[in-house]
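Return a 3D structure for these sequence lines:
(chains A and B)
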Amino acid sequence: DGGITQSPKYLFRKEGQNVTLSCEQNLNHDAMYWYRQDPGQGLRLIYYSQIVNDFQKGDIAEGYSVSREKKESFPLTVTSAQKNPTAFYLCASSIQNSNQPQHFGDGTRLSIL
Amino acid sequence: SQQGEEDPQALSIQEGENATMNCSYKTSINNLQWYRQNSGRGLVHLILIRSNEREKHSGRLRVTLDTSKKSSSLLITASRAADTASYFCALMYSGGGADGLTFGKGTHLIIQP
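Purely as a prediction, here's the structure:
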């Protein structure tokens, strides 16, 4: 079955450490997105990519980095510069068309040790 | 981009009753989408309604869009315990699209058995 796989489901970060969240899709979608969700809040866009080897900052990109070397993969690195990284991180993908829905993974919950 | 605002923030009803939640926004949109999120999971797309459409149905779901009032409603008929979830409206703004959707903070729906 086609879908989006995020791993790990739970992740713990020590102070000063970078961590990378994985997102893989087999839907053949061109566009991929990373969102952050805080308790009781909506989703805020971190980074998005419309095509391989290209990505753009979203509303809250500071302290995060991404790469898009393959169509299927869009990993997110939470760097030590992100001072409040504890959150639920969601990856999504969509067909390259503004009238198409986004498909989401099941998220990664990041906590600070 | 400006968020849509869902109303109410929380709603608790008895199983079998209908649930209505609303979304208001401030600028012109290309389309409006509704998503469901079960606790600790990713978002699942429910319905997309384009700016030139007024009503759409999918099973027990009915979505209306009033562009003159800049508002949308999601009606879930004959609610079931499994409908307990958070529901988000997401906006695709006119002239935008490259950076995807703007999500509201959601309505948390509880269906009492």
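
CA only for contacts and neighbour counts going forward, please
Fine.

so how far is residue B:42 from residue A:14?
Using C-alpha to C-alpha, to the nearest Å, one obtains 25 Å as the distance from residue A:14 to residue B:42.

same deal with residue A:70?
The value you get for residue A:70 to residue B:42, if C-alpha to C-alpha is used, is 23 Å.

Looking at those two, which one has more neighbours?
residue B:42 (22 against 11; other C-alpha atoms under 10 Å in any protein chain shown).

Excluding covalently adjacent residues, which one is nearest to the more buried one?
In this structure, residue B:42 finds its nearest non-sequential neighbour in residue A:106, 4.2 Å apart by C-alpha to C-alpha, 6 or more residues apart in numbering or on different chains.

Touching, the one you found and residue B:39? I think so.
No - contact criterion C-alpha atoms under 8 Å: residue A:106 and residue B:39 do not qualify, at 10.3 Å.

between the two, who's got more neighbours?
Between residue A:106 and residue B:39, counted using other C-alpha under 10 Å, residue A:106 has the larger neighbour count: 22 against 10.

Doesn't the more buried one belong to a strand?
No - applying DSSP: H, G, I helix; E, B strand; the rest coil, one finds residue A:106 to be coil, outside a strand.

so who does it touch?
A:5, A:6, A:9, A:90, B:40, B:41, B:42, B:43 (C-alpha atoms under 8 Å, 6 or more residues apart in numbering or on different chains).

What does it show for phi and psi?
phi -90, psi 10 (degrees, to the nearest 10).

just residue B:81 next, same as before
phi -60, psi -30.

okay, it: pLDDT?
Residue-level confidence at residue B:81 comes out at 96, pLDDT.

Just confirm it contacts residue B:17, I think it does.
No - with contacts counted by C-alpha under 8 Å, residue B:81 stays clear of residue B:17, the gap being 10.8 Å.

Just grab the bridge partners of the residue nearest the centre of chain A for me.
What sits nearest the mean C-alpha location of chain A, by C-alpha atoms, centre = their mean, is residue A:34, with 3.0 Å. As for beta bridges, residue A:34 partners with residue A:47, residue A:91 under DSSP bridges.

where's it relative to residue A:95, distance?
Distance from residue A:34 to residue A:95, by C-alpha to C-alpha: 15 Å.

repeat for residue A:47
17 Å.
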